[in-house]
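K.L.:
Coordinates for the following, if possible.
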Amino acid sequence: MTTQDTEDAIARKRPTELSPGAVVAQSLDNEWVNAQLTKEMIEKGTSLRDVEKIRGKEARAEYFRSLLNTRQVVVNRVFFYNNRAVSCDLVEGGAARRAHQKLLGDGSLVPYLVNEHQPAERPPNMTVDERAFTAWQETVEGMPASSRITCVRMSWEDQENRDATRNGLFNPFAGQVQRLTATDIPLLAAQVGVPPERTAQFGARLHELVGFSSDRRTRGELVSRRVLYDEFVSVPGLPASDVRYDRNKPFAGEVKQLLDLIYNVNLADALGMYPLTPSGGLRRIALQEWRDVRTAPSGVVTDPEQLLLFLRRQAFSTVQDRLTPSAVDTLTLEDIWTLRQSEPWHEYMRAFDALTADPAAFHDRVGRVFDRYVRLNSEIVRVAAGRRASRAKAGKWAPVIEVVVIVGGAVFSAITGDDTWGVVGDVGAVSAKAGGSVQLVLRNRREGRREQKFAREIAAVRFDSAREWEQFHSMVRRLPGYREQSGSRAATSSATVQDDIPEY
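P.N.:
Numbering: from 1, shown residues only. Prediction:
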């Protein structure tokens, strides 16, 4: 295939031209490691290669969940070949590669291009997994003649793209790093799992991180995650696949969690999409963006009484099927493609689209989403039993709807199941003008790490005064069976001007 043929096979999109429900999945980041595994890696001195099997299973489960629960997943083009949870299908070839091509061809998987003009172009100044990169090039070149790969860039005009990427991606990343010392440090320390007696040292380390970043910006030098990793997180000089996190660098694990969260949330914000943070990952609340209220794709909730409706008991049909695959990563990518063609999947997507189009109608529409989610699970069980019965074992299933409302540093979680309902509040710091979000979680009450489950932000929250917060908090406290705890638990679940855009 010639360069011209390849370019003709690309559907060039800007972020606003993608699906309204498009997501960016953090777990596809080839540097992603959950908080507990990061801690163990630092203690034992193990590398990413050493934990590839454990990390790969979790990343693949998150990869499949994102495809089962959303219409469109945007993926940094590097992750297609530097993340083995994704590239294994390309390397395997055959049916697995063909399934990947189908997902590329119908726009389910969308490569995000930073500076490139086509997805198989080698990114400059970056180490790649050569075997996987070759497989990726073969996958792109072997696309059916009638297919076009949907790719997204900030702009397809080069100078405009450079400006938009610097202003929308690199500068906000550096700015968010700079803001870390302006947060409530004790709250942030608790959320990343720092013991109270080490909070002062953690705060001092953040000051060093911010100072280092500020000095680079003052000199007109690049501030990127890789640069900050090398200084504060990683053992220097190792190839990407053998990265180790340096136990001699204070709070390396906690700093890594923060940098990874900022990096991936920042990309989603720049593209105007939903960020999917994986199980075991740091949640966005840790960034304390309370005064910088974002405009979510589904709008903003400003009325305390309307916000309360999200926490009320939800109504839904009795669940008949009491089994679910214990690990969705034991399915194949071909299974995922088959499921996305099924009527239960399309009904689930239509129900979710209707809900996110009008969050104010949440109480009336969430039951239909749950019902379609349950039907999709039955289809997953059927496909798993027929295709991979020896591997895709079924586990007990007691599905619940969980709604998480975040206002400032306060988190309220309401869980509705067949025989259970309850609301728990974890009240931390709340500023007079507080921002937050509403998240819908569909999961098994007996939660497993690799089961079918899903969580997504469905609305942003903004209170313009302390009075609105106090009104909401007072109403929540009057809900039957409400329990509250004070304090904070772990929150787990600038570029220099140059001709080419640096790596993100």
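K.L.:
quick one, longest helix in this structure?
P.N.:
helix 362-387 (DSSP state H).
K.L.:
and that one, what does it pack onto?
P.N.:
Here helix 362-387 touches strand 323-325, helix 333-340, helix 343-357, strand 394-396, strand 399-407, strand 434-444, going by 3 or more Cβ pairs under 8 Å, 6 or more residues apart in numbering; DSSP states H and E. C-betas here are computed from N, CA, C, even on glycine.
K.L.:
tilt between it and helix 343-357?
P.N.:
Helix 362-387 runs at 160 degrees relative to helix 343-357, counting by axes from the mean of the first three to the mean of the last three Cα atoms, to 10 degrees.
K.L.:
Could you list the buried residues of helix 362-387?
P.N.:
362, 365-377, 379-381, 383-384 (16 or more other Cβ atoms under 10 Å).
K.L.:
Check stretch 11-21 too.
P.N.:
Using 16+ other Cβ under 10 Å as the test for burial, stretch 11-21 gives 12-13, 15, 18-19, 21.
K.L.:
any idea of the mean pLDDT in the longest helix of the chain?
P.N.:
For helix 362-387, mean pLDDT is 85.
K.L.:
Run the angle between it and strand 399-407 for me.
P.N.:
130 degrees.
K.L.:
residue ranges for the strands of the stretch 401-504 of the chain, please.
P.N.:
In the stretch 401-504 of the chain, the strands defined using DSSP state E, counting those that start in this stretch lie at 410-416, 421-427, 434-444, 454-463, 483-486.
K.L.:
Now Glu62: which helix or strand?
P.N.:
Assigned by DSSP states H and E, Glu62 falls within helix 52-69.
K.L.:
What is that helix packed up against?
P.N.:
strand 23-25, helix 84-92, helix 333-340, helix 343-357, strand 454-463.
K.L.:
Outside of the fourth one itself, list whatever touches it.
P.N.:
Applying Cβ atoms under 8 Å, 6 or more residues apart in numbering, the external contacts of helix 343-357 come out as 20-21, 68-69, 71, 297-298, 339, 361-362, 365-366, 368-369, 371-373, 375-376, 378-379, 440, 458.
K.L.:
Apply 6 Å and report the result again.
P.N.:
71, 298, 339, 365, 368-369, 372-373, 375-376, 379, 458 (Cβ atoms under 6 Å, 6 or more residues apart in numbering).
K.L.:
Report the two of the residues you listed separated the most.
P.N.:
Ser298 and Glu379 (26.5 Å; Cβ to Cβ).
K.L.:
low-scoring pLDDT stretches of the stretch 201-350 of the chain, where are they?
P.N.:
279-280, 290-299, 314-327 (pLDDT under 70).
K.L.:
What is the end-to-end distance of stretch 43-55?
P.N.:
17 Å (Cα to Cα, to the nearest Å).
K.L.:
rewinding a little: starting at the chain centroid, how far to the helix holding Glu62?
P.N.:
Computed by Cα atoms, centre = their mean, to the nearest Å, the chain-centroid distance of helix 52-69 equals 12 Å.
K.L.:
Find the nearest non-adjacent residue to Ala410, please.
P.N.:
Among residues not flanking Ala410 along the chain, Val427 sits closest, at 4.6 Å (Cβ to Cβ, 6 or more residues apart in numbering).
K.L.:
returning to that earlier point: now the strands of the stretch 401-504 of the chain as a markdown table including mean neighbour count?
P.N.:
Putting the strands of the stretch 401-504 of the chain into a markdown table (neighbours: other Cβ atoms under 10 Å) gives the following:
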| stretch | mean neighbour count |
| --- | --- |
| strand 410-416 | 21 |
| strand 421-427 | 18 |
| strand 434-444 | 22 |
| strand 454-463 | 21 |
| strand 483-486 | 11 |
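K.L.:
Which of the ones you listed sits closest to Tyr274?
P.N.:
strand 454-463 (5.7 Å).
K.L.:
Can you tell me the strand partners of that closest one and which way each runs?
P.N.:
Strand pairing for strand 454-463, using DSSP bridges, gives strand 300-301 (parallel), strand 434-444 (antiparallel).
K.L.:
re the thing from before, looking at pLDDT only, which of the buried residues of stretch 11-21 scores worst?
P.N.:
Gly21 (80).
K.L.:
Give me the neighbour count for the residue lying closest to that one once chain neighbours are set aside.
P.N.:
Computed as Cβ to Cβ, 6+ apart, the closest residue to Gly21 that is not its neighbour in sequence is Arg71, at 5.4 Å. Neighbour count for Arg71, taken as other Cβ atoms under 10 Å: 20.
K.L.:
Now do the same contact list for Arg71.
P.N.:
19, 21, 349.
K.L.:
how far away is it from Leu109?
P.N.:
11 Å (Cβ to Cβ, to the nearest Å).
K.L.:
do the same with Pro186
P.N.:
Pro186 is 41 Å from Leu109, by Cβ to Cβ.
K.L.:
And Glu289, by the same measure?
P.N.:
Applying Cβ to Cβ to Glu289 and Leu109 gives a distance of 29 Å.
K.L.:
Likewise for Arg60?
P.N.:
14 Å.
K.L.:
what do you get for Arg205?
P.N.:
Distance from Arg205 to Leu109, by Cβ to Cβ: 38 Å.
K.L.:
Settle it for me: which of these two has more neighbours?
P.N.:
The residue with more neighbours, out of Arg205 and Leu109, is Leu109; 23 against 19, by other Cβ under 10 Å.
K.L.:
To what extent is Arg340 buried, counted in neighbours?
P.N.:
17.
K.L.:
Pull the contacting residues for it.
P.N.:
Here Arg340 is in contact with no residue (Cβ under 6 Å, 6+ apart).
K.L.:
Not counting residues beside it along the chain, what's closest to the residue nearest the centre of the chain?
P.N.:
Here the mean C-alpha position of the chain is nearest to the C-alpha of Leu276 (Cα atoms, centre = their mean), at a distance of 2.3 Å. Once flanking residues are discounted, Leu276 sits nearest to Ala25: 4.5 Å by Cβ to Cβ, 6+ apart.
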